[in-house]
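> Could you work out the structure for the sequence below:
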Amino acid sequence: MRPRGLGSTGGTARRPWAWAIAALCALALAPGAWADTISKAPDSVSVVIYRDRPVRTADLLRGGGDQDQSGLALITEIRTVDLPAGRTKLRFEGVADGIVPQSAAVEGLPGAMVERNFDYDLLSPGSLISHLIDQPVRIVRTDRKTGGETSQDATLRAGPDGVVLQTAGGVEALHCSGGPERLVFDHLPAGLADRPTLSVITDTPKSGRYRLRISYLSVRLNWSADYVARIRPDGDLLDLTGWITLANYSGASFVDAPTAVVAGRLARQAVDLPRIVSQQVAKACWPMGNTHQGMTTPEYLPPPPPAPMVVATARSRALRQGRVGFSDPIVADEAGRMVRETDLGDYKLYSLVEPTTVAARQTKQIQFINQAGVRFQRIYRYDLNSFTATAPGTGTAIEDSQLLLRLKNKTSEGLGLPLPAGQVSIRQGALKGDGRELFISAPSLGDVPIDGPFELAAGPSSQVQISRQVIELHQVQGEPSRTQATLTITAFNHLDKAALVEVRFPAWSRPTVVAESAPHGVKGEETVWTLTAPANGQSKLTLTLAFDGR
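Presented below is the predicted three-dimensional model:
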């Protein structure tokens, strides 16, 4: 007869290890028990930076303002992971510290995603201590005279705002013995990461190696555009150079990343980000030193003064850390372009032709436009926005006109490229050809599409001056609130070539034109008269205008 319980399927007795196996299986299947898989870094990463409004490069270099909400980027990572079968907690280490956790998407998982978390409790001296309260540690002390070290077991009782230890000799505060000392920990507490970490819990039907695509939005990245317009000495053409500035205020570096920026104003709302705080350890000593030293009071050592605050720009930090910022080489493509532009719905996408490293807390510039021989037209503008109907025979002193450079963003005019909004530095080459340039002005430029016209304000010009004089003024018969005025506007041209002059009335004071010596047009919401002043001569415009409420 076979002994009961040995190889029997029907008996109630079981071997002792059978119960252990059953218990382990139950534990493995219990809620909250799963394997832990860590992805240390991405195989590759790409960056697309947006902006919700044009920003000045000077502000990016200063790094001022609330950088938690500065700019917005779409980060896309490719990662290869080995997943076991069953429920797994998958940790993606090294994501950007400006991540918007709710925007994260993970593609390529073989099973369903159960949960998603962002671990922002980062490793720091203070957080390490706060996670190991009532845990064993070792305190290592250094003898100032001999340099020898002694180690003693202790239990961490309080911290980080004043670290309290319990040793065999009593209770004492860290750094209060008067000599150098430090704590040594044997392990890293659970839930504390040394880098920002995105984690997901997933059910994997079959173990294997999987290629995942993780994408998320991140703040603390921004970009700007700047231009230099060099007017050639002959004054008929200009050379236009454009630069894109990338600013990364985050602690994450994106190495050899395909990078692009998007022109256009992005519709977005502010987001509440988890606050990543690096806790520090504070010294809190009492005059008696430690409790087991009796009443002997050692010399009280006050804490050292804080280090002076250093306010540094992203660029200066990059240079000080040995990273090259503005001089990073960007390789051009076969057409000589360093940036390619493509349509992105109603936006424009500017992609660098070569991957670049967008390093942590770095600002760098990449040239994206270098157009020589761009045609433009000089316009001398005069605004009548300050006009008031005064007595006949009165007028104004001679005033300078405002010089505008009018361009067409067309290939036939030497351009034909989408121009993102930015600031333009206008410079004039010296006529004598000695290589010197004169700074003229720095107007702002809005987003300009291909084939679109645009103007650059170059400042006041004394070469073309304007005067106006009232000839006749009276109330319109039967309309006591309506005034009619006849005035002359004279343009004096001191140039050796003809000058194109535009006289404009703004929208808020647009009059009714009763009579005019030259036909008017409409530009936007302005009434515009155009006249040509001959070289070293003058041109006159006579207008009869009716105004309401004057």
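> Could you report the separation of the nearest residue to Ala252 once chain neighbours are set aside from Gly108?
Excluding the flanking residues, the one nearest Ala252 by CB to CB, 6 or more residues apart in numbering is Ala96, at 4.1 Å. To be clear about C-beta, it is placed using only N, CA and C from the backbone, and glycine gets the same treatment. Taking CB to CB, to the nearest Å as the measure, Ala96 falls 20 Å from Gly108.
> Tell me how many other residues surround Tyr380.
Residues lying near Tyr380 (other CB atoms under 10 Å) number 24.
> which residues does it bridge with?
Note on Tyr380: beta-bridge partners by DSSP bridges are Leu403, Val501.
> one step back: comparing Ala96 and Gly108, which shows the higher neighbour count?
Ala96 (26 against 13).
> So the more buried one lies in a strand, does it not?
No. Counting by DSSP: H, G, I helix; E, B strand; the rest coil, Ala96 is not found in a strand; it is coil.
> That one touches Leu217, doesn't it?
No. With contact defined as CB atoms under 8 Å, Ala96 does not reach Leu217; the gap is 9.3 Å.
> Give the residues shared as contacts by the two.
Contact criterion CB atoms under 8 Å, 6 or more residues apart in numbering; residues shared by Ala96 and Leu217: Ala73, Ile75.
> can you give me the strands in the stretch 51-200 of the chain?
Counting by DSSP state E, counting those that start in this stretch, one finds strands in the stretch 51-200 of the chain at the ranges 72-83, 86-93, 105-107, 113-119, 136-142, 149-158, 164-167, 170-173, 181-184, 197-204.
> The fourth one pairs with which strands?
Sheet pairing of strand 113-119 (DSSP bridges) gives strand 197-204 (antiparallel).
> Name the next helix or strand downstream of the partner strand, please.
Heading C-terminal from strand 197-204, the first helix or strand you meet, by DSSP states H and E, is strand 208-218.
> Now do Val255: how many residues are near it, please.
Val255 has 13 neighbours, counted by other CB under 10 Å.
> Can you give me the pLDDT of the spatially closest residue to Asp153 that is not a sequence neighbour?
Spatial nearest neighbour of Asp153, excluding adjacent residues (CB to CB, 6+ apart): Arg138 at 6.0 Å. Looking at Arg138, its pLDDT is 83.
> One more: Glu516?
91.
> quick one: the residue nearest to it when sequence neighbours are not counted and Gly537, what's the gap?
Spatially, and ignoring its direct neighbours in sequence, Glu516 is nearest to Leu543 (5.3 Å; CB to CB, 6+ apart). From Leu543 over to Gly537 the distance is 20 Å, taken as CB to CB.
> And for Leu456?
Distance of Leu456 to Gly537, given as CB to CB: 26 Å.
> same thing with Thr76?
In terms of CB to CB, Thr76 sits 63 Å off from Gly537.
> re the thing from before, so which of Leu543 and Gly537 has more stuff around it?
Shown here are Leu543 and Gly537; by other CB under 10 Å, Leu543 has more neighbours (24 against 14).
> Touching, that one and Pro519? I think so.
No. Using CB under 8 Å, Leu543 is not in contact with Pro519, being 11.4 Å away.
> what sits in contact with each of the two?
By CB under 8 Å, 6+ apart, the residues touching both Leu543 and Pro519 are Trp529.
> Report the residue ranges of every domain in the protein.
Per automatic domain parsing, the domain ranges recorded for the chain read 125-184, 377-415+451-548.
> can you tell me how far Tyr48 sits from Ala104?
Not quite, residue 48 is Val, not Tyr. 16 Å.
> actually Pro233, not the one I wrote
Counting by CB to CB, the gap from Pro233 to Ala104 is 56 Å.
> what about stretch 251-259, start to end distance?
Start to finish, the residues bounding stretch 251-259 are 17 Å apart (CA to CA, to the nearest Å).
> I misspoke; the intended subject was stretch 352-359.
With CA to CA, one end of stretch 352-359 sits 16 Å from the other.
> which ones are touching the closest residue to Gly108 other than its chain neighbours?
Leaving aside its chain neighbours, Gly108 sits nearest to Leu212 (4.2 Å; criterion: CB to CB, 6+ apart). Shown in contact with Leu212 (CB under 8 Å, 6+ apart): Ser39, Ile78, Arg79, Thr80, Val81, Val106, Glu107, Gly108, Leu109.
> Just the buried residues from these, in PyMOL please.
To isolate the buried members of the contacts of Leu212 in PyMOL, using 16 or more other CB atoms under 10 Å:
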select buried, resi 39+79+81+106+109
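> Just put the contacts of Leu212 in TSV and tack on pLDDT and distance to Arg436.
Listed next are those as TSV, based on pLDDT from 0 to 100; distance: CB to CB, whole Å:
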residue	pLDDT	distance to Arg436
Ser39	92	57
Ile78	96	51
Arg79	96	55
Thr80	96	57
Val81	95	60
Val106	93	58
Glu107	93	57
Gly108	94	59
Leu109	93	63
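> The contacts of Leu212 into TSV, with extra columns for distance to Pro506?
TSV is the format used below for the contacts of Leu212 (distance: CB to CB, whole Å):
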residue	distance to Pro506
Ser39	60
Ile78	54
Arg79	57
Thr80	62
Val81	63
Val106	54
Glu107	53
Gly108	58
Leu109	60
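> Pick out whichever of the contacts of Leu212 sits closest to Leu221.
Nearest to Leu221 out of the contacts of Leu212 is Ile78 (CB to CB; 19.3 Å).
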